[in-house]
Every structure is written in C-alpha cells, then in structure tokens.
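> Please work out how this folds:
(one chain, ligands or ions: 1)
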Amino acid sequence: MTTDATPTPPDETYSYLGPAGTFTEAALKQVPEAAGKHWRSVNNVGEALADVVSGRSTAAMIAIENSIDGGVSATQDALATVPGLRIVGEYLVPVNFVLVARHGTTLAEVKVVNAHPVAYAQSRGWLERELPDHGHIPATSNVAAAASLFEDSQADAAVAPPGITEHLDVEVLARDLGDNPNAVTRFVLVSRSRVLPEPTGADKTSLIVELPDDEPGALLAMLEQFSTRGVNLSLIQSRPIGDALGRYRFVVDLDGHAADERVADALLGLRRTSPKVIFLGSYPRADEQEVAYHSKYDDEIFIEARDWLRGILSGEPDGA
Ligand SMILES: O=C(O)C(=O)C[C@]1(C(=O)O)C=C[C@@H](O)C=C1
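Got it, this is the predicted structure:
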C-alpha cells in the first residue's frame, strides 16, 4: 500500500475516510484489488464520492450502516443525490472503542471529549455514566478525533479505535467504551463501474425509491412488488427528500441480484409504480450467506411463464 506522501504516480486510487487507522481503512484492507494501490485519505463521505465522480479515484470505501446507530444518513443522502454511483462490494468491520488522552491526563480531568458522531452514539452509555458532565466536540473520523488532541483543540480526551496507539502517542484511559460489544459497521465500496458484479447466489441489491405523492397505500404498493416475488428486504429506511416537510425517499436493501428473475421482475414492477427508482447496485453480501427463497420463485418459473405468453402472442398451438 502507498500513502499520500508517496511520490510515485498511482495507477488506481481508492478514497477512504482517514487518516490511517480508521475503521474505514480496515474495511478497505478487505478489498483484494485495492492492495498495493494508492489510498487517498479524505475527510468525509462527500469528498470520497466526489473523488469517484470526478475520476480522481477508482472507488471509495464509505460507512453505510452501524448495528447500533443505524443507517449513516450522510452516506444514504449522498447516494440518493450524487448520480452515476454504483455499490460494488460490501464489508463488515467489528467496532470497539477506547478513550485516549495526552500522556499525563487522568480520567477525572476529562471535561471535553472529541468523537466522531457515530462513535459517540455508540459510546454514549459509557460516557454518560463515567463522565456525566462531559462536553462533546464532533470529529471527522475516529482517528481525527485522537489527532485533535495534538492540535488547537478544546478536547481533553478522544473516542478512538483500539489500534490508535500504533498511529499516535496517546494514553489509553479506558477500553471497551462501546455500549454493545458486538457492534459492527457495514461499509460499501462505491465506483462508477456500469458492470454489475456476477451473481453469486449470496447477493444483495440496494435501491433508493421515491413514492407517488399523496397516494394512500403507496408504501404498501411498493412492498407488494417484493412480497409477490418472494424477495426479502434486509433494510428499509426512510430519509427526508429535503425539499419540503413530509416528503421521504426509501433506502431499500433486498436479498438477491438484479440478474435473478424474481428480483428483475420486482424491479420492473417498482419502475412502473414509483416516480423515481435509483439502482445503487447488486453485489456479493459480506456475510456470504446464500439467499433463501421459495422454489416457486425460481428463475425457471419466470422464464416458463414468459415463454408461455410469448407462445400465445406468436400464435403457437396450445400445449407448445
Ligand atoms: O472509519 C472510521 O473510523 C470512522 O470514523 C467512521 C465511522 C462511521 O462513519 O460510522 C466508522 C465506523 C464507526 O461506526 C464509527 C465511525
């Protein structure tokens, strides 16, 4: 791996929320194609996606969901509004936090804590219990939080990844801050590639769907597109569109690949019934769990039904 300091011109660049040592970097380390390529540390999701859109980077690794804090709204909103992006891979990183400070600081002296908002949300229970009067300064990343201790910052301590001591000379004041020891953050690799990853049988498809305005049952009609094709949803979340109160878009993850007949048929139904469907990609699931569905939704069943209709329309004799 090379870093920004490396003078050799990179052939391919991968953007990630840095600096080195973030969980986002840990997710990028799971991508075999990124090994040995140039890695560009950026300050936020918008910058990472702008790198991809402008062609400065081949792809960007971004956090999309945390098992405790839920969907990363900055990511969901950016994917809804920045055109031309595709998710090509999904990665899981277990997340766990430590409280760090400059050497010599004691826990009793900590008044202000610097933390990334998602890390802060995951450590809130510990912080409220152990430092009930603390103030919070938001950071752009978990490592940036700790780095701020050496900058012109008001913070006395920072919430950081356990590996932070490999990158910065800080003292660990407390471990296992996370309210849930099994917390996991889900990351996605985003590129401009129009080529869908091959179906594996253990895939996920991500969409953003808008519903027709003021139509009773519009949400039910959207869900029916999936239920009538035996397509399971693993995530559905509403986000404000932002142009007026009460207007929402839905972030949807479903089990399966756009090349699966049941998913393709559901996508056609969605396209007919929704004013806007953003296809974000079909890609292998990080947990590699094969998608389970009833045999009545097998590809062959859809293909047979289409052939039957084609036969009728082309005047083939009955039973052909
Ligand atoms: O990658 C990092 O370390 C980050 O600071 C980002 C981020 C996030 O955006 O969710 C990643 C994982 C943790 O859930 C907390 C923060």
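> Mind jotting down where the strands sit in the stretch 201-320 of the chain?
203-210, 233-240, 248-255, 276-284 (DSSP state E, counting those that start in this stretch).
> could I get the longest one in CSV with only the CA atoms?
To tie it back to what came earlier, the one meant is strand 276-284. Taking Å, rounded to 0.1, in the frame of the first residue of the first chain, the C-alpha atoms of strand 276-284 are listed here in CSV:
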residue,chain,number,x,y,z
LYS,A,276,-38.1,7.5,-9.1
VAL,A,277,-36.0,4.4,-8.6
ILE,A,278,-32.3,4.7,-8.1
PHE,A,279,-30.5,1.4,-8.7
LEU,A,280,-27.4,1.5,-6.5
GLY,A,281,-26.1,-1.9,-7.3
SER,A,282,-26.2,-5.7,-6.9
TYR,A,283,-23.1,-7.1,-5.2
PRO,A,284,-22.0,-10.1,-3.0
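> Can you list the neighbours in contact with stretch 147-155?
Outside of stretch 147-155, the residues within contact range by C-beta atoms under 8 Å, 6 or more residues apart in numbering are 19, 100-102, 112-114, 135, 137, 139, 145, 156-158, 168, 170. (Glycine included, C-beta is placed from N, CA and C.)
> Distance from the chain centre to that stretch, please.
In this view, stretch 147-155 has its centroid 29 Å away from the chain centroid, taken as C-alpha atoms, centre = their mean, to the nearest Å.
> Flag every residue of the stretch 151-300 of the chain that's near the ligand.
Pro161, Thr185 (C-beta under 6 Å from any ligand atom).
> list the contacts for the residue in the stretch 151-300 of the chain positioned nearest to the ligand?
Of the residues in the stretch 151-300 of the chain, the one nearest the ligand is Thr185, at a distance of 3.8 Å by C-beta to the nearest ligand atom. Counting by C-beta under 8 Å, 6+ apart, Thr185 touches Phe23, Ala27, Ala63, Glu65, Asn66, Ser67, Leu92, Val93, Val95, Val118.
> Doesn't it belong to a strand?
Yes: counting by DSSP: H, G, I helix; E, B strand; the rest coil, one finds Thr185 located in a strand.
> give me the beta-bridge partners of it?
Beta-bridge partners recorded for Thr185 (DSSP bridges): Asn66, Val93.
> quick revisit: just the buried residues from the contacts of Thr185, in PyMOL please.
Of the contacts of Thr185, the buried ones go into a single PyMOL selection, burial set by 16 or more other C-beta atoms under 10 Å:
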select buried, resi 23+27+63+65+66+92+93+95+118
